[in-house]
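Asks: mind folding the following:
(2 chains)
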Amino acid sequence: MTSLRFRRVGRDALLVEVADARAAQVTYRLVRRLVAAGTLDLAPPGDLVPAARTVLLDHVADVRGWQRALSARASEIDHASREAGFDASEPTELRVITVRYDGPDLDLVAGQWGCSPQELVRRHTAARYRVAFCGFAPGFAYCTSEPRTPDVPRRDAPRTSVPAGSVGLADEFCGVYPRAMPGGWQLIGTTDAVLFDADRAAPALLTPGDRVRFEEAR
Amino acid sequence: MTRTGGLRVVQSAPQLLVEDLGRPGWAHLGVPSSGALDPVALRLANRLVGNAERSAGLEVLVGDCAFVAEQSLRLAATGAQLPLTVDGSPRPWGEAVSVRGGQRVEVGTSSSGLRAWLAVSGGVDTPEVFGSRSTDTLTGLGPAPLKAGDVVPIGTAAAGPPVDAAAVPDRSAPGPSRLRIRLGPRADEFTYEAVAAFVTQEYAVSSSSDRVGLRLQATRGVALSRRFDRAFPSEGVVTGAVQVPSGGQPIVFLADHPVTGGYPVIGVVDPEELRRCAQLRPGDLVSFVEAQDSGA
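Replies: As a prediction, the model looks like this:
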């Protein structure tokens, strides 16, 4: 019995379905490690896309080969996904994002969490975040936290334009808008950090697997 | 930096973009693949003028555009068979055409097909972003859409010998549209009736279709219903994925599609069929047929 489920996606891709965002991160990092080690006799996927409950292996020459390789490591994925806390041995970047907690939805979200805005800031800056996946726009990182903060519903009516640098919450995720665009996340603050710059050597500030801490601007 | 030469846009098409083979490999950062909607046609155009197949060219929507060459060059048009003239004289589609500096190149319109690709010897030489010169209409990566007055820079890479047009296969425009698909990965999110309807009913191409997706409307109005009314967590989607939003009318994701989607994908169009989607006009009819070898 395994918690992995495989779904064929067209001719050239494989979707690996797992229990939660944490298991998806574990699976994503495992595939990256297998590719880097080069010990599998399998061409690497052209694209590897982690998401909330899945990892997509796209542009794969040998879909069945990858399915067998991951099936054989299902218990490893299950085990790593159950471990408490983040794997400290994983060489990941720690990104610190400085936030002014001045978002228009700060009081509303604090109400949903059943605490004061000051307590929300304390909990948000104390939680350890990790980038689960990117999407929505280049450099938009969906971060999950430990301890997990309460889920936050999206706005019923998305804003037509959310300013760049807005720090928002939606469902189990925290994210920062890399540029001005429409959006339905609840906004709790603002940062001056540049999340995405295509001309930079590392265009995306936050990439899947990175650890993230939010600190309050002084 | 000042530069001489290039191809000056005198009159732009409804959409005139720089496209190459795109920027695959960055989806994990939220960066779409983008690239020419018909990579086969762009490769062919590049071969005709002696370029490397991956060189950037121009993607022309509908046509009705004009250029003045500010240097001597060769160009070739592929994709939709739009009339091509140089200083008013007709030139063949799908062959290398010589143009001298100062000559005017016009691309007309046609009653069939929607997009053409123009390759110029030396290749379009705009700056690369993530290893590609393509304009991504979803995220704005790559050069802005071209407008009248813009000068398209052309590279100085020595072009190889042009390919003889007679050696080039498949000069025909893509035919009627029964698109081969494989069901899944989320066909089980839909009712049995919806999956059956998906592969039997006919759809009309909506006028809101673009490089992000081919938007379809069932001609007899059968929406594709879900078995469960529940939120669907975002997941990675491939080019060719047929996503079904809450309205029940499918979208076939094309080159500029977002890397993740929040609605289930009922089926995936086979990669070699996707180029046909580039030529479908609003109102054209489309149906899906299950691939025979769809065993996983």
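Asks: can you show me the helices along chain A?
Replies: A:21-37, A:63-71, A:74-82, A:106-113, A:117-126 (DSSP state H).
Asks: looking at the ones you listed, which has the lowest confidence?
Replies: Ranked on mean pLDDT, the bottom entry among the helices of chain A is helix A:74-82, at a mean of 88.
Asks: what does the residue of chain A most remote from its centre show for phi and psi?
Replies: Residue farthest from the centre of chain A, counting by C-alpha atoms, centre = their mean, is A:Asp41 at 29.0 Å. Per-residue torsions, A:Asp41: phi -90, psi 60 (degrees, to the nearest 10).
Asks: and the helices of chain A as JSON lines, adding distance to A:Cys143 and mean neighbour count?
Replies: C-betas here are computed from N, CA, C, even on glycine. Converted to JSON lines, the helices of chain A look like this (distance: least, C-beta to C-beta, whole Å; neighbours: other C-beta atoms under 10 Å in any protein chain shown):
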{"stretch": "helix A:21-37", "distance to A:Cys143": "10", "mean neighbour count": "19"}
{"stretch": "helix A:63-71", "distance to A:Cys143": "25", "mean neighbour count": "17"}
{"stretch": "helix A:74-82", "distance to A:Cys143": "17", "mean neighbour count": "15"}
{"stretch": "helix A:106-113", "distance to A:Cys143": "15", "mean neighbour count": "17"}
{"stretch": "helix A:117-126", "distance to A:Cys143": "11", "mean neighbour count": "16"}
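Asks: now those in a markdown table, with distance to chain B?
Replies: Output for those, formatted as a markdown table (distance: least, C-beta to the nearest C-beta, whole Å):
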| stretch | distance to chain B |
| --- | --- |
| helix A:21-37 | 8 |
| helix A:63-71 | 8 |
| helix A:74-82 | 16 |
| helix A:106-113 | 17 |
| helix A:117-126 | 22 |
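Asks: and those helices as TSV, adding distance to A:Pro50?
Replies: Listed next are the helices of chain A as TSV, based on distance: least, C-beta to C-beta, whole Å:
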stretch	distance to A:Pro50
helix A:21-37	4
helix A:63-71	14
helix A:74-82	13
helix A:106-113	26
helix A:117-126	23
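Asks: now do the buried residues in stretch B:88-100.
Replies: B:Arg91, B:Trp93, B:Gly94, B:Glu95, B:Ala96, B:Val97, B:Val99 (16 or more other C-beta atoms under 10 Å in any protein chain shown).
Asks: the third one reaches B:Val49, doesn't it?
Replies: If I follow you right, that is B:Gly94. No. Using C-beta atoms under 8 Å, B:Gly94 makes no contact with B:Val49, being 11.7 Å away.
Asks: shared neighbours, these two?
Replies: B:Ala76 (C-beta atoms under 8 Å, 6 or more residues apart in numbering or on different chains).
Asks: closest to chain A out of the buried residues of stretch B:88-100?
Replies: Of all the buried residues of stretch B:88-100, chain A sits closest to B:Gly94, with 28.4 Å by C-beta to the nearest C-beta.
Asks: for chain B, which helix is longest?
Replies: helix B:39-48.
Asks: and that one, what does it pack against?
Replies: Packing partners of helix B:39-48 (3 or more C-beta pairs under 8 Å, 6 or more residues apart in numbering or on different chains; DSSP states H and E): strand B:57-61, strand B:73-79, strand B:115-120, helix B:274-277.
Asks: again, only this time at 6 Å
Replies: Contact partners of helix B:39-48 among helices and strands, from 3 or more C-beta pairs under 6 Å, 6 or more residues apart in numbering or on different chains; DSSP states H and E: strand B:73-79, strand B:115-120.
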